[in-house]
Every structure is written in C-alpha cells, then in structure tokens.
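**Q** Quick one, what's the 3D model for this:
(chains A, B, C and D)
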Number of protein chains: 2
Amino acid sequence: MARKIGSHSDITGPKVRAAALRLFARHGFASVTMRQIASEVGVQAGALYLYTPDKQTLLFDLLREHMQEVLDGLAAEDFSGNPVERLETFTRFHIRFHLERRDAVFISYMELRNLTDENFAVLEDMRRTYEDALESILKDGQASGHFDVEDTKLTTLALISMLNGVTTWYKPDGRLSLERVEAIYSDMAGKAVRMARWKRKQMLGAAGQAKA
Amino acid sequence: MARKIGSHSDITGPKVRAAALRLFARHGFASVTMRQIASEVGVQAGALYLYTPDKQTLLFDLLREHMQEVLDGLAAEDFSGNPVERLETFTRFHIRFHLERRDAVFISYMELRNLTDENFAVLEDMRRTYEDALESILKDGQASGHFDVEDTKLTTLALISMLNGVTTWYKPDGRLSLERVEAIYSDMAGKAVRMARWKRKQMLGAAGQAKA
DNA sequence: GCTTGAAATGAACGTGTGTTCATATAGCGT
DNA sequence: ACGCTATATGAACACACGTTCATTTCAAGC
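**A** The predicted structure is shown next:
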C-alpha cells in the first residue's frame, strides 16, 4: 500500500508538524521517537523523511516558525499611545497569543539546548527582538516618568518570565476566563513597573521648586 | 581493578548524584546516558547501579532531595513581621536559594514529565506546600489591607514564575550582584501586589465616613 | 486508459541504550 | 596475617533508535 486516498504532501506535511509539536511538548524532544510521530500521523517512520531532512531540523523548523508568528503577531498590534497603554497592549497580546500556542511556547523554552549552535543562534536572535520590543516600552516609560524601573533589561526578563508562567497552569475550561487572566496579569505587570502617584508628585514638586 | 584508594560508597554516591544533576541540567534527562554519568564520576556504567536502582529513580531522588532542601530552607527563615516584610523575606529567600541551586531548579521545572505518575505526585505535593507558603502571605496581606490582589492563587503562580526566571539569565560574575538582583526582584514583587497609597487612603476614608 | 512520478512502504543498517552479572580486588575487622 | 564483603569491572544482553533505500502503489496529466 502507498498513496492512500486524500493523503498528499499538502496534507501530510502539516500533520507531521502538528504531531511533532504536540509530542515534543508533552514528552520532550529527546524522548519522542520518529516512529511515535509517524504513528500519530498514520504513516511509517520512513515517510517522515519526505518532509524533514532529520529530527533536529524538524524541531528547529517548528521553533523558527513559531517565533516568526510571534513576531508577526506583535507587529500587527497597535502600539500607539503612552507607555502605560503600550505595556498593557504588550502584556495582553503576550498572554493571549501564548495561551493559544502553549505547545510551541513550552518547546521554545525547553528544547533550545537540543539545537545545534547555529540553529540556536537564529532563535536567540528572534527572541531578543521580541524582548527588545518590551524593553523599549519600559525605557520610554522610564523617560516619560510613567515607570519607575531600576534596570530595564532585568525588568524585561522578569516580566516575560512572569507572563510565560501562565502557560504552565492555565486550563481553557478552568476557573478563570482568558479575558480575566489577561486583565490580572496585565494589571500586575503595570503595577510592578509603574511610578507611584506620591512619588511622581514628589518629583514634580522637586522639579517645580528647582525651577522657582 | 576495583575499590580504588579513597573511593567508598560515601564518596562515590554523592559524586554520582552531583554528576547526574549537572548533566541532567545541561543536556536534559532523556539525553544523558548512564555511561556519561559514569564517565564523569570516573567509574564504569555498571557501578552506578550500586547507588540507584535505575535511571528514573536517580532523577526522582535528586528532585525530592532538592525540594526537601527548599522546604527546610524556607522553614528556617524568620517570618515574623507584617505581610509586606514577610513577602520580602520570601522573595529574597527564593532568589538567593534558587540561584545557589540553579541546576536543581532547572531540572525541577523541566523534567517532571519524565517521572512516573507516582513520583510526580510526590514532588507536586512538595511544590504545592511551597506555593502555599507564599499564598498565605498574600492572603494575610489581602486581609490586612497591605495588598491589593485579585486572585491569590494566580498571583502566587505569577510571582513564582517571575522569580524563577532569574535562573535562566543570572551569571554570578555578571553585571549585577546577588544582593542587587534580590533587591530589584523583591521590589518588583512588592509593587506588583501592594495596595496603592491613594487607594488605601480612599478605603480608610470610606470606612471613616461609614462610621460617622 | 496508459504512463509517470510523487508518496508511502517495510525491511534493513549500524549504533547506542539501560541494565545485568559473573568476576576481580582492595581495605576493614578480627 | 587473613578472610570477608563492599566496591568495582567489563563484557554481554535485548531492545530501540534515527536514518536509508529498493520497492510498491495510487492519483493525476495527457
């Protein structure tokens, strides 16, 4: 038997990637065998090599594809407004987008060490681009007096860690709706970096006195 | 050859665990072979089975030992004081303790899925105990009006995620000292949950009016 | 309807895996 | 001084891995 009805490259290819993504996320790249992936797709192991040169490249392609989607998704957001609004846009986007792609996110933070140095560098670059988007919001907010942040780089990483944590426990049918989770996280992120009112007044006051 | 000078169970046993911990953290449980561990210890693979019944148990023992140390360490901290102070104690302890044991922490959050259900349940229980310690601080702070938290459970997880993030980037010889990192994270955690001054005043005001 | 080639098979490959075990030896208790 | 046993060896086991490839089969183009 070969070439079953309705099974073309266009159909099997995505199926392979989907199965690999699911299995890598559940059991870890190293623990998943090509035969497992093939079985999930409904095909023999050999056939996978029509769609990927090897296992490592399969992982890399999944991760690169994911990071590209993240970057594209971020670029599609509306980042007008002041830093406070932009931070909310970012955090809400991050939560929403990452919850929709939990498997890919999980792998992205877990399996980087299973990549060759070359492939790792590519993804590292993309991740840095994403982080820089957040850091620039923090920097702007620091300059405008909206935020009170000691170290923008560290804060960026801390915020992203916090936001990523959501993927480890969120269940779509759980106690909290997506909207509510978005709101709570966004609120926490905002409070963690925002300048306190009294402190801002104090600064403005000092500036006023200096002028006078 | 066997029984080399100075190589007893008391020496080789810890060496095995140390090597396994290091390698699991670097390359992932599934990717590390018993022969690699043995080689690191300076012993043949077969000898490892004098110290562990199998590879899975070796991982489990490492993780259980780690979690026990975390719980013991937490219990040794001084948690007197108001919720704000207790939260700072907790965050500083967490950062410090986890940075000293980065390998174990990494594995704890990465390799849980490589455990049997039974072993997983044991660790899950210990982790929950740890999380509960933080949540009870948040609850107390909520009750006392120190904190402004929508959902203590979610906030607990968000804070721990944020704090754990430090292990992924911190380098002991890096730009920031441990003390400074502790301070920044502790500060961010505090701000993320603390009740704003104006809001507290407003509440007190409302309470005063209600009384009057 | 026949030809053609893309899509899939399934067996085979070499290698490496976790684990076992008969065997050897070094150091402690006596 | 010597035997006993804890500690280690190293070869072997059965199995599973990623990957290759000659072969087969089916859908589409003419």
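**Q** Can you pull the poorly scored residue ranges out of chain A?
**A** Along chain A, segments meeting pLDDT under 70 span A:1-9, A:207-212.
**Q** From the recorded domain assignment, give the ranges for it.
**A** A:1-52, A:56-211 (automatic domain parsing).
**Q** Take those and write them to TSV, including mean neighbour count and distance to B:Val41.
**A** (C-beta placed from N, C-alpha, C; glycine too.) Shown next, in TSV, are the domains of chain A (neighbours: other CB atoms under 10 Å in any protein chain shown; distance: least, CB to CB, whole Å):
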stretch	mean neighbour count	distance to B:Val41
domain A:1-52	15	22
domain A:56-211	17	22
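**Q** Which one of the ones you listed lies nearest to DNA strand D?
**A** Counting by CB to the nearest atom of the strand, DNA strand D lies closest to domain A:1-52 out of these; the figure is 3.2 Å.
**Q** just checking, A:Trp169 touches B:Leu157?
**A** Yes: counting by CB atoms under 8 Å, A:Trp169 touches B:Leu157, with 5.6 Å between them.
**Q** right, and the secondary structure at A:Thr52 would be what?
**A** Following DSSP: H, G, I helix; E, B strand; the rest coil, A:Thr52 is assigned to coil.
**Q** Can you classify the nearest residue to it once chain neighbours are set aside by secondary structure?
**A** In this structure, A:Thr52 finds its nearest non-sequential neighbour in A:Leu58, 4.2 Å apart by CB to CB, 6 or more residues apart in numbering or on different chains. Of the three states, A:Leu58 takes helix under three-state DSSP.
**Q** Contact partners for A:Leu58?
**A** By CB atoms under 8 Å, 6 or more residues apart in numbering or on different chains, A:Leu58 lies in contact with A:Val16, A:Arg17, A:Ala20, A:Leu48, A:Tyr51, A:Thr52.
**Q** For DNA strand C, give me its nearest residue in chain A.
**A** For chain A, CB to the nearest atom of the strand, closest residue to DNA strand C: A:Gly46, 2.4 Å.
**Q** I figured A:Thr167 hits A:Phe106, correct?
**A** Yes: A:Thr167 is within contact range of A:Phe106, at 6.3 Å (criterion: CB under 8 Å).
**Q** would you list the contacts of A:Leu58 in JSON lines and tack on distance to A:Val193?
**A** As requested, the contacts of A:Leu58 are arranged in JSON lines below (distance: CB to CB, whole Å):
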{"residue": "A:Val16", "distance to A:Val193": "42"}
{"residue": "A:Arg17", "distance to A:Val193": "37"}
{"residue": "A:Ala20", "distance to A:Val193": "38"}
{"residue": "A:Leu48", "distance to A:Val193": "46"}
{"residue": "A:Tyr51", "distance to A:Val193": "44"}
{"residue": "A:Thr52", "distance to A:Val193": "42"}
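**Q** Run through the helices of chain A in chain order.
**A** Here chain A has its helices, by DSSP state H, at A:9-27, A:34-41, A:55-75, A:83-100, A:102-110, A:117-144, A:152-169, A:178-193, A:197-211.
**Q** Next one: the second one, is it in contact with DNA strand D?
**A** Yes: applying CB under 7 Å from any atom of the strand, one finds that helix A:34-41 is in contact with DNA strand D at A:Met34, A:Arg35, A:Gln36.
**Q** That helix to helix A:55-75, inter-axis angle?
**A** 60 degrees (axes from the mean of the first three to the mean of the last three CA atoms, to 10 degrees).
**Q** Can I get helix A:34-41 in CSV? Just the C-alpha atoms.
**A** Below are the C-alpha coordinates for helix A:34-41, written out as CSV (Å, rounded to 0.1, in the frame of the first residue of the first chain):
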residue,chain,number,x,y,z
MET,A,34,10.3,9.3,14.9
ARG,A,35,8.2,6.2,15.0
GLN,A,36,5.8,7.8,17.5
ILE,A,37,5.4,10.8,15.3
ALA,A,38,4.8,8.6,12.3
SER,A,39,2.3,6.6,14.2
GLU,A,40,0.4,9.7,15.2
VAL,A,41,0.3,10.8,11.6
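**Q** Many thanks, we can stop here.
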